[in-house]
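> Sequence first, predicted coordinates after that:
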Amino acid sequence: TYQMYKDSIDFLVQHNMLYRLDCLGKEEQQFKLFYPDFSLNISARNNELTSVERHIRLQNYVLQTFLEKKYDCKFWEAKSQASVDFVLQNKDDDTFTPVEIKFEGKSKTKSMISFASQFKTRNIVRISGSNFVENDENINLPVYSVFCFENKVDK
């Protein structure tokens, strides 16, 4: 089905009507699409949101913040069910910063460990509803402070 919609998707992305996020290390056909305007995403549904819808909205918000900062964003999925919401390549070297968004429930630490075993990582970042915490390898960044992320990636 990708071949059927390729031209339409390319047109929408080229004219900034959608953002396209490619999968790290995968072929061209594995990608996610996002709204370029967070307010459009919020107005799409005004009643109670499911946890999946909340996660999608948080992903959209974080992606827009990263794109404003001109980060090259990708996502990652393994053949197992391991996945990382965003992967940023650090500017100075060949290391990556995986970013997980988890507002409620348990962290996907297995996914982050799986990613770190396959790629060189500098930091592992979790964006959540919890307070700011930083240790040697992990950073927990509250959702409301995503705009501060810039200082942590290029450190």
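Noted; the coordinates are in hand.
> Look up the closest residue to the residue nearest the centre of the chain, ignoring the ones flanking it.
Centroid-nearest residue in the chain, with C-alpha atoms, centre = their mean: Phe86, separated by 2.9 Å. Closest residue to Phe86 apart from its sequence neighbours, by C-beta to C-beta, 6 or more residues apart in numbering: Val99 at 4.0 Å. Where C-beta positions appear, they are placed from N, C-alpha and C, glycine not excepted.
> show me the contacts for that neighbour.
Val62, Val84, Asp85, Phe86, Val87, Leu88, Val125, Arg126, Ile127 (C-beta atoms under 8 Å, 6 or more residues apart in numbering).
> and the nearest residue to Gln29 once chain neighbours are set aside, how many residues sit next to it?
Once flanking residues are discounted, Gln29 sits nearest to Tyr2: 4.7 Å by C-beta to C-beta, 6+ apart. Other residues near Tyr2 come to 11 when the count uses other C-beta atoms under 10 Å.
> State whether Tyr2 and Asp10 are indeed in contact, as I suppose.
No: checked against C-beta atoms under 8 Å, the pair Tyr2 and Asp10 is beyond contact range at 11.0 Å.
> quick check: longest helix of this structure.
In the chain, assigned by DSSP state H, the helix with the most residues is helix 51-68.
> moving C-terminal of that one, what's the next helix or strand?
Moving toward the C-terminus from helix 51-68, the next helix or strand (DSSP states H and E) is strand 73-77.
> other SSEs contacting that next one?
Applying 3 or more C-beta pairs under 8 Å, 6 or more residues apart in numbering; DSSP states H and E, one finds that strand 73-77 contacts strand 19-22, helix 51-68, strand 83-89.
> Show me which parts of the shortest one are buried, residue by residue.
So the one you mean is strand 19-22. Using 16 or more other C-beta atoms under 10 Å as the test for burial, strand 19-22 gives Tyr19, Leu21, Asp22.
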